[in-house]
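**Q** take a look and give me a structure for this.
(one chain, ligands or ions: 1)
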Amino acid sequence: MKSTPSNAGLYIHIPFCQKKCPYCAFYSEPIERHEPEKLVDAIFMELERCAITEPVKTIYIGGGSPTCLPGYLLIEIIVSLMSQYKDVAEFTIECNPAQADEKTLKQLRTLGVNRLSIGAQSFDTKELKTLGRIHSPRQIVEAVRIAKKAGFENIGLDLIFGIPGSSLKTWRHSLKSAAALEVQHISAYSLTIERTTPFEHAVRQGKLGMIDGAVERQMCKTARVFLRKAGFGQYEISNFAKGGFECRHNLRYWKNLPVVGVGPAAAGWYKGKRTTNVADIEKYIKRIESGRSSQSEAYIPSSEQTASESAVLGLRMTEGVDMLEYEKQTGFSLIRLFEDAIKQHGFNGLLECTPDNYCRLTEKGLSYADTVAQDFVL
Ligand code: SF4
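**A** Numbers count the residues shown, from 1 in each chain. So this is what the prediction gives:
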């Protein structure tokens, strides 16, 4: 028997950046080529159309760099959201370290934003240059100081490992520097060479040398060991938090719970439908203004597809898949649907099913998460 979730999350994509980083595949454009006011109006119109009926528990404004927006526009968005959704428990905004403005952050905090996700990426000047970032290590430290002064008590830092030219030594330095700032959340992602990015082009032309796979695995392990020792619990393959500071919005994705996606290129999973908005600011605004759908893709996955997605996403969490909850949510028994995969990976020590009905990756399995996940795709 399937159960329908009775609340929702909301993601808003602000597709502006001061400068495009060459490794990034997220949809964003330089802000000076557009009229941000027009985009914000369109986002409000799209939100109205979505007519979310469930209580919205989490809001996440990402991008792009939302902090690229003029302060007054960001504030307008927050005021409007806070007046519409009264049940928000976690409200996150992504912040570029070079754009941490004290006055704006203070206003955002006062208005109800209670979590800040800072795109630090590295504490090594050379690596930041390789990544094409507009900030320095010093500005990360400064951004955290400003955020704390503005009243934020839930701050996350994003880090990237496997950057060309990096080493275990520079990676340890980044981890140490991040932990020393006494933030509540650290994400450690390995650099992915995304299709159609300048990085992909440079790798193909031999102009950018990638880090050796074994070193990258070592970096991943170093992050796990170091962050756990520093008091951060690992709750997802790439995410670590001090107790009680796990990102509730991102947990919604891994638990396959509904999230409404609004803004150009935003993805959503709502009322049994997966949607992606058109990744073009001008087209998005035109579509919204003329009453047409902002979605470039929309489909209703079969119940088997949804069950497969829930398993793949759920196995990313260190607690694993709650098999009783899974059955309620999808209508399928995880053990019966994926009998072969569970047996095989249980046998080779990558997966375990616990007496309290969880199916999860083992410590060894965390290093082979992608390999295991492939066998849960239907
Ligand atoms: S600032 Fe973030 S979203 Fe913008 S281009 Fe760089 S990585 Fe991508």
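**Q** helix, strand, or coil at residue 148?
**A** On the three-state scheme (DSSP: H, G, I helix; E, B strand; the rest coil), residue 148 is labelled helix.
**Q** check what pLDDT the closest residue to it other than its chain neighbours gets.
**A** Nearest non-adjacent residue to residue 148, counting by C-beta to C-beta, 6 or more residues apart in numbering: residue 155, 7.2 Å away. Any C-beta I mention is one placed from the backbone N, CA and C, and that applies to glycine too. Per-residue pLDDT puts residue 155 at 98.
**Q** ok, residue 155 touching residue 144?
**A** Yes. Between residue 155 and residue 144 there is a contact under C-beta atoms under 8 Å: 6.2 Å.
**Q** compare the two (neighbour count), which wins?
**A** Between residue 155 and residue 144, counting by other C-beta atoms under 10 Å, residue 144 is the more crowded of the two (24 against 21).
**Q** give the buried residues for the helix ranked longest in the chain.
**A** Of all segments of type helix in the chain, defined using DSSP state H, the longest is helix 213-229. Neighbour counts over helix 213-229 (16 or more other C-beta atoms under 10 Å) mark 215-216, 219-220, 222-224, 226-227 as buried.
**Q** turn these into CSV, including distance to the ligand.
**A** Formatted as CSV, those follow (distance: C-beta to the nearest ligand atom, whole Å):
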residue, distance to the ligand
215, 23
216, 19
219, 19
220, 20
222, 23
223, 19
224, 24
226, 24
227, 22
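**Q** stretch 19-32: end-to-end distance?
**A** 10 Å (C-alpha to C-alpha, to the nearest Å).
**Q** I misspoke; the intended subject was stretch 82-95.
**A** 19 Å.
**Q** tell me the contacts of residue 113?
**A** Neighbouring residues of residue 113 by C-beta atoms under 8 Å, 6 or more residues apart in numbering: 78, 91-93.
**Q** between all of the residues you listed, which two are separated the most?
**A** By the measure C-beta to C-beta, 78 and 92 form the most distant pair in the contacts of residue 113, at 11.6 Å.
**Q** so which of those two has more stuff around it?
**A** Ranked by neighbour count (other C-beta under 10 Å), residue 78 and residue 92 place residue 92 first, with 24 against 21.
**Q** nearest residue to that one in space, please, no chain neighbours.
**A** Residue 92's closest residue in space is residue 115 (C-beta to C-beta, 6+ apart), at 4.1 Å.
**Q** repeat for residue 261
**A** residue 268 (3.3 Å).
**Q** ok, then the element right after the helix or strand that contains residue 335?
**A** Using DSSP states H and E, residue 335 maps to helix 334-337. Downstream of helix 334-337, the next assigned helix or strand under DSSP H and E is helix 339-347.
**Q** contact residues of the stretch 101-250 of the chain facing the ligand?
**A** When proximity is defined as C-beta under 6 Å from any ligand atom, the stretch 101-250 of the chain approaches the ligand at residue 119.
**Q** got the contact list for the residue most central in space within the chain?
**A** Geometric centre of the chain, nearest residue: residue 250, 6.1 Å, by C-alpha atoms, centre = their mean. By C-beta under 8 Å, 6+ apart, the residues touching residue 250 are 60, 236, 239.
**Q** and what about residue 211, helix, strand or coil?
**A** Recorded secondary structure, residue 211: coil (three-state DSSP).
**Q** I figured it hits residue 168, correct?
**A** No. Counting by C-beta under 8 Å, residue 211 sits too far from residue 168 to count as a contact (10.0 Å).
**Q** so those two - more neighbours on which side?
**A** residue 211 (20 against 13).
**Q** report pLDDT for the more buried one.
**A** We have a pLDDT of 93 for residue 211.
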